[in-house]
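> structure of the sequence below:
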Amino acid sequence: MIRNKYRRTAIKAVAFTCLNKFPCHSLPVDIKNIVASFSNIRLVPYSMQMQRRNLTLKEMIEFAESRDSCVDFYNKDGGKYIIYYNDVDFALLRSGRYRWNIAHELGHILLEHHKRSDKLRLFREGLPEQEYILLEEEADLFASYLLVPHPVLKALNIASALDISRYCGISQKASLIRAKDYLKWFSSTKFYSSAEKRILVLFQDFVDDELAKYCSRCKYKTINNQAIRCPICSAKLSKYKGEDTLIYPSIEIGKDGRVKKCLCCDNQEISSDAEFCKICGSPVINRCTNLHPFDSSCGSMAEGNARYCIMCGSSTTFLDKGLLKPWHKEKEELLKEKSATQQGLLEMEELEVTPF
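Predicted coordinates:
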């Protein structure tokens, strides 16, 4: 275990910089394309090298001195490397372990282990035992930060090692170890570091898409993973990703849940505890209308475009008072607008290709 917290932080910084360098931010991390983005690193599968050299798998393993993967530091002056990885063993491919192997070898390179130890290859026999163990632990730690970014897992509400294996594309054995690391980080981390915040920003679109729920009736998409009912039409939501979604216009609401000015009379004197406009009596908060004092009530606050409560499905104050259009009329207008936009784009394309 790497006890030096400054070294751990440095390794995390290298891994996060690597993630930041690559434009595709989703899980599982595209480790092959990350390696390909480095001009001084070549990624060569065992099968390719076996074909080039006319080697059997046994001979290839002897050449690489590893069943999993290895790195050749073949040009010291130019700082060039080759990562060989086993793509022949079906068990490695099926479990996802080959992805970990590639990330591990990339860690050796980016942490400059070959330069530090002045070795073309890093093997137990060629290094003092303690140095070899430390370098292996550092490469594994790098692979963990790269393939299993904790802030992203937290944002996705990951709850098990099985989820980690599924999202991160690593073996079940590795995911059990990473789950322990994640739980330890989760319980001890109160605030994100600046680097962790940047990673969250990079993966935000992916996280939103994974947490989103969809309505098959009105084509609305929400990223509120607590929602049971659609806020637009009150239908039950599902995780099924519809091909087309519609964005329903929203009334602007402040941080306290209130409109900045009355939607009916434009009164801007809205007090911090107001439920209704003092001038015309219109609601200034969009709220669930299920407020029965002697029955199970809800009364949850709703978003600016919500016609219905996302928890119980009751109508909202904005819908009841006519401040929002009925969803089917809004949907009809949105589809017409979308169709007109698509038709306009098609006409522009035709104009561009039509010869004079």
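> now for the lengthiest helix in the chain, which elements pack on it?
Longest helix in the chain, counting residues (DSSP state H): helix 327-353. When contacts are defined as 3 or more C-beta pairs under 8 Å, 6 or more residues apart in numbering; DSSP states H and E, helix 327-353 packs onto no helix or strand at all. C-beta coordinates here come from the backbone N, C-alpha and C atoms, glycine included.
> next one: that helix to chain centre, how far?
The chain centroid and the centroid of helix 327-353 are separated by 31 Å under C-alpha atoms, centre = their mean, to the nearest Å.
> try stretch 215-229
Taking the mean of its C-alpha atoms, stretch 215-229 sits 19 Å from the chain's own mean (C-alpha atoms, centre = their mean).
> and stretch 229-244, by the same measure?
Mean-position distance between stretch 229-244 and its chain equals 21 Å (C-alpha atoms, centre = their mean).
> how long is that stretch from one end to the other?
End-to-end distance for stretch 229-244, by C-alpha to C-alpha, to the nearest Å: 19 Å.
> got the contact list for that stretch?
With contact meaning C-beta atoms under 8 Å, 6 or more residues apart in numbering, stretch 229-244 is reached by 212-222, 227-228, 248, 302-303, 305-313, 315, 327-328, 330.
> which of those fall within helices?
Among the contacts of stretch 229-244, the members falling in helices (DSSP H) are 327-328, 330.
> could you dump the residues you listed into JSON lines with distance to residue 204 and neighbour count added?
Shown next, in JSON lines, are the ones in helices among the contacts of stretch 229-244 (distance: C-beta to C-beta, whole Å; neighbours: other C-beta atoms under 10 Å):
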{"residue": "327", "distance to residue 204": "28", "neighbour count": "24"}
{"residue": "328", "distance to residue 204": "32", "neighbour count": "12"}
{"residue": "330", "distance to residue 204": "27", "neighbour count": "19"}
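> closest one of those to residue 263?
Proximity of the ones in helices among the contacts of stretch 229-244 to residue 263 was ranked by C-beta to C-beta; the top entry is residue 330 with 15.9 Å.
> where are the low-confidence patches of this structure?
1-3, 120, 123-125, 242-243, 292-296, 345, 348-356 (pLDDT under 70).
> give me the domain ranges for it.
5-208, 212-251+286-356 (automatic domain parsing).
> next, the buried residues of the longest helix of the chain.
By neighbour count on 16 or more other C-beta atoms under 10 Å, the buried set for helix 327-353 is 327, 330-331, 334.
> to residue 271, which of the domains of the chain lies closest?
For residue 271, the closest of the domains of the chain is domain 212-251+286-356, at 16.1 Å, according to C-beta to C-beta.
> show me what contacts the residue lying closest to residue 61 once chain neighbours are set aside?
Leaving aside its sequence neighbours, residue 61 sits nearest to residue 67 (C-beta to C-beta, 6 or more residues apart in numbering; 5.4 Å). Contacts were defined as C-beta under 8 Å, 6+ apart; by that measure residue 67 touches 61, 86, 89.
> reformat those residues as CSV; add secondary structure.
Listed next are the contacts of residue 67 as CSV, based on DSSP: H, G, I helix; E, B strand; the rest coil:
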residue, secondary structure
61, helix
86, coil
89, coil
